[in-house]
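> structure for this input, please:
(chains A, B, C and D)
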2 protein chains.
Amino acid sequence: MDVEIHIKMNEKLFVRNPEQTDLGKKIIKNSIELIQGGGFEAFTFKKLAEHIGTTEAGIYRYFENKHRLLIYITAWYWSYLQYRVVFETNNIDDPAAKLKKVIQLLTSTVLEDERVKHIDEKLLHEIIIAEGSKAYLTKHISEDNRDKLFKPYKDLCSVIAEFITASNPAYKFPHSLASTIIEAAHNQNFFMHHLPSLTDFATEKSEKNIALFIEEMVFNTIGSGH
Amino acid sequence: MDVEIHIKMNEKLFVRNPEQTDLGKKIIKNSIELIQGGGFEAFTFKKLAEHIGTTEAGIYRYFENKHRLLIYITAWYWSYLQYRVVFETNNIDDPAAKLKKVIQLLTSTVLEDERVKHIDEKLLHEIIIAEGSKAYLTKHISEDNRDKLFKPYKDLCSVIAEFITASNPAYKFPHSLASTIIEAAHNQNFFMHHLPSLTDFATEKSEKNIALFIEEMVFNTIGSGH
DNA sequence: CAAAAAAGATAGCTATACTATCATTGTTCA
DNA sequence: TGAACAATGATAGTATAGCTATCTTTTTTG
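Numbering: from 1, shown residues only, chains lettered A, B, ... in the order given. Here you go, the predicted model:
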């Protein structure tokens, strides 16, 4: 099977659609590498342009500024993850099993996906962990939210909240629990590697332990066997 | 009673101790106001200097750069919160009651504390919610951590983890649960105000609901009655 | 009151975050 | 095939951010 998966992105995220040209795809690919490698603060359009072999002005034709680019790649990640969640939980009936699957997807490093050639999912996952919250922690969040830039995150949260409700219709905080486990999956990963005393995973730095911790928390919280 | 509480800060956090001079205290006070008002990205030493009526060079005599200043004020906040936690849980024997107290302190807006005149705790709390994680989400976290800049956060986490262990000595992830509830307290507050569909508090935007959500999560997770 | 510490005043330098303009190359479709 | 247009390249320029240096004036203190 030779499928290419393509995620349609909100038009407000870019000036010119990067998926439609060669340069555009290079911008995405290389910005992921540079942001992961040097951090978002040190990342500039000038460095990106030099790295690609184009000019600063060339990048600005695709993205208004580097923050929009960050929102773009995070939005892409959330859309992609939602796709994987829907795909992988399809045909599973037991809501608890669906939730387990979700937690596994949230906590585990993404494998290289052959279906998207210009995006390195592993690096992107690391960006989400270390820089993801910077996409929304700004003073212009209201405008960005009005433009629906965070819709993919919200949609993923909704899907997870539905699984929670399916597991226990009486549970009162499905959305808060969903957003909490999404954030915890990334926080605990970051802490495990950089501030290990904030976790219980210092000795065995494994993503499996994070999944175990979150699973136990979720199933005890909603009061469903696991 | 006329006590002044004074928190001794890690010397690596500053060039010259801001607590010891008038200008230093003005820098703290006004940077809290400016960061809260305009966000950390838009905050500059030049604006701060003009706001205070001093010069940019004057600020650099106290702080190496604006990021160190952010770490300073977040570290102060965590130390202050730990002080309050220790104070308010003193003489409580029931570990579950201690945990409830902690959750209340983590989720509620800080009251104006007369004992610290140059710090507006309410504004500081808002900074922690909106900018706090930017203090550690950097590429130089290892060096900063080696300099013990995040010790106050870790200490608070330890204290909470101890309450969790006291509640249920068999629970395996006290530190992870502690850091998760600290982060959740702030995330849920931020989401409630700015991305309400990520929470279940859209109709009644009250901090009490966040506390309720976290309490239920914690006590079900560690399996102790509440 | 002399010495030292702190603050003020000013200058300057490099990098970042953009915007503008014009030339070149590649594509398409009448 | 060639005119029109889209995409890219090349270059320049502006404002602000981030930081360092130096010298003078004021304030503190032993």
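> all strands for chain A, in order.
Counting by DSSP state E, no segments of chain A form strands.
> which residues of it lie near DNA strand D?
A:16, A:20-24, A:53-58, A:61 (C-beta under 7 Å from any atom of the strand). (Each C-beta comes from the backbone N, C-alpha and C, glycine too.)
> by neighbour count, which of the residues you listed wins?
residue A:24 (19 neighbours; other C-beta atoms under 10 Å in any protein chain shown).
> enumerate every residue touching that residue.
Neighbouring residues of residue A:24 by C-beta atoms under 8 Å, 6 or more residues apart in numbering or on different chains: A:16, A:17, A:18, A:62.
> check residue A:43 too.
Counting by C-beta under 8 Å, 6+ apart, residue A:43 has contacts A:31, A:34, A:35, A:66.
> before we move on, the earlier item: now for the residues of chain A next to DNA strand D: which two are most distant?
A:20 and A:56 (20.8 Å; C-beta to C-beta).
> can you list the weak-confidence ranges in chain A?
Chain A contains residues with pLDDT under 70 at A:1-2, A:112, A:224-226.
> repeat the analysis, applying 80 as the threshold.
Low-confidence regions of chain A, defined by pLDDT under 80, span residues A:1-4, A:110-117, A:224-226.
> and it, which of its residues are near DNA strand C?
Residues of chain A lying near DNA strand C (C-beta under 7 Å from any atom of the strand): A:42, A:44, A:45, A:46, A:47, A:56, A:57, A:60, A:64, A:65, A:66, A:67.
> quick one: which of the residues you listed is nearest DNA strand D?
residue A:57 (4.0 Å; C-beta to the nearest atom of the strand).
> so which bits of stretch A:61-71 are buried?
By 16 or more other C-beta atoms under 10 Å in any protein chain shown, the buried positions in stretch A:61-71 come out as A:61, A:62, A:63, A:66, A:67, A:68, A:69, A:70, A:71.
> gap between the closest residue to the fifth one other than its chain neighbours and DNA strand C?
Using C-beta to C-beta, 6 or more residues apart in numbering or on different chains and skipping the chain neighbours, the partner closest in space to residue A:67 is residue A:138 (7.2 Å). Distance from residue A:138 to DNA strand C, counting by C-beta to the nearest atom of the strand, to the nearest Å: 12 Å.
> buried ones in the longest helix seen in chain A?
Counting by DSSP state H, the longest helix found in chain A is helix A:66-89. By neighbour count on 16+ other C-beta under 10 Å, the buried set for helix A:66-89 is A:66-82, A:84-85, A:89.
> related to what we said a few turns ago, now for the residues of chain A next to DNA strand C, which pair is the farthest apart?
Largest separation among the residues of chain A next to DNA strand C by C-beta to C-beta: A:42 and A:57, giving 20.9 Å.
> which ones are touching the residue nearest to residue A:67?
With the criterion set at C-beta under 8 Å, 6+ apart, residue A:138 makes contact with A:67, A:144, B:39, B:41.
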